[in-house]
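Enquirer: Coordinates only, no sequence provided:
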């Protein structure tokens, strides 16, 4: 847990801080956050628990970025921060959103105003002149097209930010997979690191064609990554059981599962046994993705059978059971009459299963 001990080190500010988890690594590396800004007051509250020395700025940064500047100057006078860390919202660019339009469609990209929040980063940087700026986002951040707010040209948000800071900063882009650094999941991310042109040591990077990023620690050449099972094993957490409230939780407040009623528990347990039997027979399936597809298709088909047999009677029962099988319900449309024949039909593809107006992603 963080302490309130003041660490006298490199001064930093954070924009789009969320709960502050992404900046903990910077703090461990010796950066001390003076001001942290987040739209959601609940996330900001958690952020300041993770970084108790920092001062918070809430609400929309398009309206409050001057408050960030003022609070930093009140705390640190005219001393420029060593680091500006920023992780602007990625929802308008993420490939997880099927309705975002084509990547090269600048008009579609500009419909989501969050795609231009890099303007806030440029404004704060121009006022405070940090020595380093690190911007993290999804890979599409480098390529997703938007309209330039002044020229109306088609540009990426990354290109817009680079052009705003080009006079004072040298930029180093990187796309990497965080599993290569010990994160137990595949998580591809784009980074832009801006180095102030008058910073000592920059010349060494440009002359040697090197970049200011750490070497991977868990890639294939370093004995591979860490699996989920390895990560969980290292936590030494007890096995949980959803049958009773006593067994569904542990001493760790973040380690718990919901308690299921007898019907739900028996249903899931039965399907888990079937899962083991099915997967045991599927030796001819070549890829893991194909295996997942077959299993989830099997689950939904059995949910449909239960629905026909009227063992599943409500929308909530259907959703709960699907989630219990590991299917992620991402979009719920209007549900009129569950018993209408056309709404019973299941359309199964490699991408999604649509059943009773629920969109379930594999």
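Expert: Sure, I can see it. This structure is a prediction, so every number in the text was calculated from the model and none was measured.
Enquirer: Show me what counts as buried in stretch 251-263.
Expert: 259-260 (16 or more other CB atoms under 10 Å). Quick note: C-beta positions are derived from backbone N, CA and C, even for glycine.
Enquirer: can you list the residues that contact that stretch?
Expert: Contact with stretch 251-263 is made by 237-238, 240-245, 248-250, 268, as judged by CB atoms under 8 Å, 6 or more residues apart in numbering.
Enquirer: ditto for stretch 111-127
Expert: 13, 15-16, 61-62, 65, 68-69, 84, 86, 88-89, 91-93, 100-101, 109-110, 133, 135, 144, 146, 149, 157-158, 160-161, 164-165, 169, 194.
Enquirer: Straight-line length of that stretch, end to end?
Expert: 28 Å (CA to CA, to the nearest Å).
Enquirer: quick one: average pLDDT of that stretch?
Expert: Mean per-residue pLDDT for stretch 111-127: 91.
Enquirer: swap in stretch 15-32?
Expert: 94.
Enquirer: Any buried residues in that stretch, and which?
Expert: 15-20, 22-23, 26-27, 31-32.
Enquirer: Check stretch 141-160 too.
Expert: Going by neighbour count (16+ other CB under 10 Å), the buried part of stretch 141-160 is 141-142, 144-147, 154-160.
Enquirer: ok so, going back, could you pick out the buried ones from the contacts of stretch 111-127?
Expert: Counted by 16+ other CB under 10 Å, the contacts of stretch 111-127 give 13, 15-16, 61, 65, 68-69, 84, 86, 88-89, 92-93, 100-101, 109-110, 133, 135, 144, 146, 157-158, 160-161, 164-165, 169, 194 as buried.
Enquirer: which residues sit in contact with residue 10?
Expert: The contact partners of residue 10, by CB under 8 Å, 6+ apart, come to 30-32, 82-83.
Enquirer: now swap in residue 244 and tell me
Expert: By CB under 8 Å, 6+ apart, the contact list for residue 244 reads residue 259.
Enquirer: how near is it to residue 255?
Expert: Look at residue 244 and residue 255: by CB to CB, to the nearest Å, they are 16 Å apart.
Enquirer: show me where this protein has helices.
Expert: Applying DSSP state H to the chain gives helices spanning 24-28, 41-50, 61-76, 106-110, 118-128, 157-165, 202-208, 228-235, 262-281, 288-308, 315-324.
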